[in-house]
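*Asks:* Structure for the following, please:
(chains A and B)
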Amino acid sequence: MSTTASPGGAPRRRTSAIIAIAAGAALLLGGGTTLAYWSTSQVLDVGTVESGDLNLSAPTAAEWTLNGAPVADISTVQIVPGDVIVMTQSSTLTLVGDNLEATLDATVSGAVLPAGVTAPTPAITVTGDPDLTALTEANDGAVATVSVTYAFPAATPDRELTDESFDFGDVELTLTQNP
Amino acid sequence: MGPGIRRGLIGAAAGAIIALAAASGVSAHWHAQQRLDLESVSTGDLLIDAAWRDGPPAWSPLLPGASTPDTVIRVSSSSAGTTLRWRLRVVGAVSAPAQQHVTFSAWRGVCGTGTPIPAGGTAALPVDAVVDVCIRYTLSPSAPATLQNTDLAPRVTLIAEQVVS
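*Replies:* Numbering: from 1, shown residues only, chains lettered A, B, ... in the order given. I've put the predicted structure just below:
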């Protein structure tokens, strides 16, 4: 075994020790900085901010008419050429929000119809007749009425479309916040 | 890993996060939906059945100025339709050479005293109506001799038509 001693080794170790002590002292001083300087703070009450709401109420029961006359039970009706049936249902809009703007739309989906029969197009009216693509909080509580009209063409010849079932599917009433 | 590669990876990751945030931005808007059931609606039908009330006719040969015996056809409707109303048209025909010399008449009820059925048909009938139609063919007194011993081939067509008011 042999040991190599560099010249001047003792002074270098001393220097390292001094640097370590100085660093430690600096850390201690740094950690206690807040105690050493003045400080003050104020709590600002931001208060409460409420979010708005956008919703459609559960629809009212469907009301049907046949050639303008109310129908109690649509399942008992058998339509013939020339008949006009109308379904009406309503839903109440919830539109709460200072900057809220929304669009109301209705589409028919899931219809199962014989060939040549076109699904009816729903029509929407809202209390006050606002622009359905720019509904705002001013329309909160307004009632949206969806009506779907099907007119069985009077010109249906011979015995076409007799004893059929017209499944008109569903109307999806959608209220969407405008981007 | 060198600093350049690391910076590149960090940039790519940040870009992906931004892209995901942009793609999912639409779903951040409120949306409410209600489904309204339109249910099903059935169509009706218009269907009649016609039969000789007293059995098939066995008419004797017609002579000029003579008519067939009163013969009744019973027409029954098995139609369906909440608002359905219909009318009955009765069309009598014979062979072409005899057309100008044979007249056809139809009544609702009894021949002669019943309600004549015009070419346009009866008045509107209810969906489940049963109608007795009395028919009569008459050979013109001036029928030519060329019609002797010929088959007049009489045919009666009963037509149910929907009445649209």
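
*Asks:* Poorly predicted segments of chain B, please.
*Replies:* B:1-27, B:165 (pLDDT under 70).

*Asks:* For it, list the residues in contact with chain A, please.
*Replies:* Neighbours of chain A within chain B, by Cβ under 8 Å from any Cβ of the partner chain: B:26, B:29-47, B:80-84, B:162, B:164. Placement of C-beta: from N, CA and C, glycine included.

*Asks:* Could you point out the longest strand of chain A?
*Replies:* strand A:84-96 (DSSP state E).

*Asks:* what's around A:L44, how many residues?
*Replies:* By the criterion of other Cβ atoms under 10 Å in any protein chain shown, A:L44 has 5 neighbours.

*Asks:* I meant to write B:G65 there.
*Replies:* 11.

*Asks:* related to what we said a few turns ago, show me which residues of the longest strand of chain A are buried.
*Replies:* Neighbour counts over strand A:84-96 (16 or more other Cβ atoms under 10 Å in any protein chain shown) mark A:85-95 as buried.

*Asks:* got the phi/psi numbers for B:A96?
*Replies:* B:A96 has phi and psi values of phi -60, psi -40 when expressed as degrees, to the nearest 10.

*Asks:* all strands of chain B, in order?
*Replies:* B:31-37, B:40-43, B:48-52, B:71-77, B:86-93, B:102-108, B:115-116, B:130-139, B:155-162.

*Asks:* where do the strands sit along chain A?
*Replies:* A:53-56, A:63-66, A:69-71, A:78-79, A:84-96, A:101-109, A:122-126, A:135-136, A:143-151, A:165-167, A:170-177.

*Asks:* and those strands, which is most packed in?
*Replies:* Ranked by mean neighbour count, the strands of chain A are led by strand A:78-79 with a mean of 22 (mean count of other Cβ atoms under 10 Å in any protein chain shown).

*Asks:* where does it sit relative to the chain's centre, distance-wise?
*Replies:* Per Cα atoms, centre = their mean, to the nearest Å, the displacement of strand A:78-79 from the mean C-alpha position of its chain is 39 Å.

*Asks:* and the most centrally placed residue in chain B, what is it in contact with?
*Replies:* Geometric centre of chain B, nearest residue: B:L46, 5.2 Å, by Cα atoms, centre = their mean. Residues near B:L46 by Cβ atoms under 8 Å, 6 or more residues apart in numbering or on different chains: A:80, A:159, A:162, B:79, B:81, B:84, B:86, B:160, B:162.

*Asks:* Just the closest of those residues to B:I73, please.
*Replies:* Nearest to B:I73 among these, counting by Cβ to Cβ, is B:A160 at 12.9 Å.

*Asks:* tally of neighbours for that closest one?
*Replies:* 21.

*Asks:* So it versus A:D83, what's the distance?
*Replies:* From B:A160 across to A:D83, the span is 18 Å (Cβ to Cβ, to the nearest Å).

*Asks:* returning to what we had before: wait, which of the strands of chain A is closest to A:A115?
*Replies:* That would be, of the strands of chain A and by Cβ to Cβ, strand A:165-167, which comes in at 12.0 Å.

*Asks:* Tell me which residues are up against that closest one.
*Replies:* Counting by Cβ under 8 Å, 6+ apart, A:79, A:110-114, A:117, A:150, B:38-43 sit against strand A:165-167.

*Asks:* quick revisit: quick one, which of the contacts of B:L46 are buried?
*Replies:* Buried among the contacts of B:L46 by 16+ other Cβ under 10 Å: A:80, A:162, B:79, B:81, B:84, B:86, B:160, B:162.

*Asks:* Max pairwise distance over the buried residues of strand A:84-96: which two?
*Replies:* A:I85 and A:L95 (31.5 Å).

*Asks:* Quick one: residues contacting residue 36.
*Replies:* Picked chain A for this. Applying Cβ under 8 Å, 6+ apart, no residues contact A:A36.

*Asks:* My question was about chain B, not that one.
*Replies:* A:59, A:62, A:87, A:89, A:146, A:170-173.
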